[in-house]
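S.K.: This is a predicted model, with the sequence first.
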Amino acid sequence: MHPHPDDPRPSDPPFLFVILLAARKAGDRMLESLAREWLAELGIRIAFTTRKHLPAGSKGVAHVG
């Protein structure tokens, strides 16, 4: 995806993922939603899970797809 030169949205997946994590940790639902939308535009969907749903010995990432 090649963004339009006037498009201010970030398009670097690692940067967007960090934005998503920071927004989630800070409780900023609007920024979290934007980061999810921007990642979805790149074909990336992130799903978090709670600790009680993780397999034993898991490091915390259940599915990234």
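M.R.: It's in. Not measured: the values here are computed from a predicted model. Numbering: from 1, shown residues only.

S.K.: all strands in the protein, in order from the N-terminus.
M.R.: Assigned by DSSP state E, the strands in the chain fall at 46-47, 63-64.

S.K.: State the distance from the closest residue to residue 32 other than its chain neighbours to residue 31.
M.R.: Excluding the flanking residues, the one nearest residue 32 by C-beta to C-beta, 6 or more residues apart in numbering is residue 23, at 4.0 Å. In short, each C-beta sits where N, CA and C put it, glycine included. Going from residue 23 to residue 31 by C-beta to C-beta, to the nearest Å gives 4 Å.

S.K.: neighbour count winner among those two?
M.R.: Per other C-beta atoms under 10 Å, whichever of residue 23 and residue 31 has more neighbours is residue 23, with 18 against 15.

S.K.: Look up how far residue 5 lies from that one.
M.R.: Counting by C-beta to C-beta - residue 23 and residue 5 are separated by 26 Å.

S.K.: Surely residue 10 is in contact with residue 16?
M.R.: Yes. In this structure residue 10 lies within contact range of residue 16 using C-beta atoms under 8 Å: 5.9 Å.
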